[in-house]
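# Prediction below, plus the sequence it came from.
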Amino acid sequence: MGHSGQGMPQGPQPLAGVAHVVAIGSGKGGVGKTTVAVNTAVSLAKLGYKVGLIDADIYGPNVPTMLGLTRQPAILPGNMIEPLTAHGVKFMSIGLISPGDKPMVMRGPMLHGVIRQFLQQVQWGELDFLLVDLPPGTGDVVISLVQTVPLTGAVVVSTGSSVALEDARKALEMFHQVNVEVLGLVENMSRMVLPDGTVIDVFGAGSTEQTAKQFGLPFLGSVDLDPQVRESGDRGLPAALAGEDSERGQEFRAIAAQVALRAKEAAAQSEDVLEIL
Ligand SMILES: Nc1ncnc2c1ncn2[C@@H]1O[C@H](COP(=O)(O)OP(=O)(O)OP(=O)(O)O)[C@@H](O)[C@H]1O
């Protein structure tokens with residue numbers, strides 16, 4: 001983890017070859033942030049983009065399980081780390097460097113070092129999108145992120161429940177405080193449709209879209225509550241891999257397309273601002 005940069009504060013530096021860094025946050029835990037991050041990454045890859053995913057969720061680094069690949073990454077010449085690749089997505093996870101079932105206990109400076117290493121010392125190559133799955137709640141990882149690279153923006157995942165949305169608003173405020181543009185909100189576990197067609201509203205479907213409207217932010221789409229999403233995540237075969245006729249697959253692809261669109265718009269706007277300056 002070296003000592004480069006110590007005592008010499010440096011502003012965030014873009015990663016060579018990486019067009020957009022997009023953080024995925026939630027506020028509340030367990031709303032399916034990682035599931036949405038993994039499936040968005042897989043969907044972006046299916047849409048033809050080059051995609052990377054950093055699992056920075058120190059409390060639950062589940063990305064390797066959800067992508068079905070857990071092994072130590074190789075070290076390349078020049079002390080660079082080779083990311084793992086699964087389902088067309090390059091990824092790196094705190095779960096890969098924290099062996100066994102032990103929780104990752106890290107002080108702020110160490111966490112900052114790991115985040116910086118995942119960004120700068122992993123051989124990402126050319127990427128259209130590098131997604132970062134954040135831990136729920138706290139801003140530590142976000143602060144490390146924005147100090148290291150310029151972010152194109154952030155996506156906030158919530159369920160429609162009042163408590164999840166209460167925490168999602170805190171996530172919006174956190175991104176605002178660190179000057180990260182929120183590209184939009186996603187509602188996960190939206191409705192549940194039983195095999196006989198009965199629709200059950202478990203968490204308050206539609207409330208995330210209303211919250212987005214209140215904040216003047218785009219709503220990027222919703223994903224229904226479906227046991228198949230959980231099962232496929234547990235098996236390391238994300239639901240987004242399913243074919244054209246899969247509804248969950250369609251939902252994730254629609255969200256991915258919105259994320260791509262909003263990221264490109266946000267980047268174009270900030271370039272305009274730079275030119276005016
Ligand atoms: N749409 C969905 N339908 C069914 N199950 C889902 C859905 N989304 C997520 N899940 C399941 O809910 C559980 C929690 O999801 P996940 O780990 O993605 O949440 P999280 O917000 O990233 O949690 P944390 O950040 O607290 O680790 C997982 O078992 C996942 O498979």
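Yep, it's here.
# can I assume residue 90 sits in a helix?
No - under the criterion used here (DSSP: H, G, I helix; E, B strand; the rest coil), residue 90 is strand, not part of a helix.
# wait, doesn't it sit right on residue 126?
No - using Cβ atoms under 8 Å as the test, residue 90 is too far from residue 126 to be in contact (10.4 Å). No exception for glycine: its C-beta is placed from N, CA and C like everyone else's.
# ok, the two, which is more surrounded?
residue 90 (22 against 10; other Cβ atoms under 10 Å).
# List the contacts of the more buried one.
By Cβ atoms under 8 Å, 6 or more residues apart in numbering, the contact set of residue 90 is 51-53, 83-84, 124-125, 127.
# 7 Å instead?
52, 83, 124 (Cβ atoms under 7 Å, 6 or more residues apart in numbering).
# Ranking by neighbours, what's the top pick from the residues you listed?
residue 52 (28 neighbours).
# any idea how far it lies from residue 119?
According to Cβ to Cβ, to the nearest Å, residue 52 stands 10 Å off from residue 119.
# cool, and residue 74?
Counting by Cβ to Cβ - residue 74 and residue 119 are separated by 18 Å.
# picking that back up, which single one of the contacts of residue 90 is nearest to the ligand?
residue 52 (18.0 Å; Cβ to the nearest ligand atom).
# can you tell me which helix or strand the closest one belongs to?
Element membership for residue 52 (DSSP states H and E) is strand 51-55.
# What lies in contact with that strand?
The set of residues external to strand 51-55 that reach it, using Cβ under 7 Å, 6+ apart, is 37, 41, 44-45, 61, 63, 83, 88-95, 118, 124, 127-133.
# With stretch 235-248 instead?
38-39, 42-43, 46, 65-69, 87, 223-224, 226, 228-229, 232, 249, 252-253.
# Which ones among these lie within helices?
Residues of those located in helices (DSSP state H): 38-39, 42-43, 46, 65-67, 228-229, 232, 249, 252-253.
# Can you say which two of those residues are spatially most distant?
65 and 253 (22.2 Å; Cβ to Cβ).
# So for those two, which sits in the more crowded spot?
For residue 65 versus residue 253, neighbours defined as other Cβ under 10 Å are more numerous around residue 253 (22 against 18).
# Report pLDDT for the more buried one.
Predicted confidence (pLDDT) for residue 253: 97.
# what's the answer for residue 102, then?
In this model, residue 102 is scored at 64, pLDDT.
# and the stretch 101-250 of the chain, which of its residues are near the ligand?
Within reach of the ligand by Cβ under 6 Å from any ligand atom, the stretch 101-250 of the chain has these residues: 136, 188-189, 223, 225-226, 229-230, 233.
# so residue 186, which of the three states?
strand.
# How about it: which residues does it bridge to?
Applying DSSP bridges to residue 186 gives these bridge partners: residue 157, residue 221.
# Hmm, it is touching residue 219, no?
No - contact criterion Cβ atoms under 7 Å: residue 186 and residue 219 do not qualify, at 8.0 Å.
# Under the pLDDT cut-off, which ranges of the stretch 101-250 of the chain? List them.
When residues are selected by pLDDT under 70, those of the stretch 101-250 of the chain lie in 101-104.
# Noted, bye for now.
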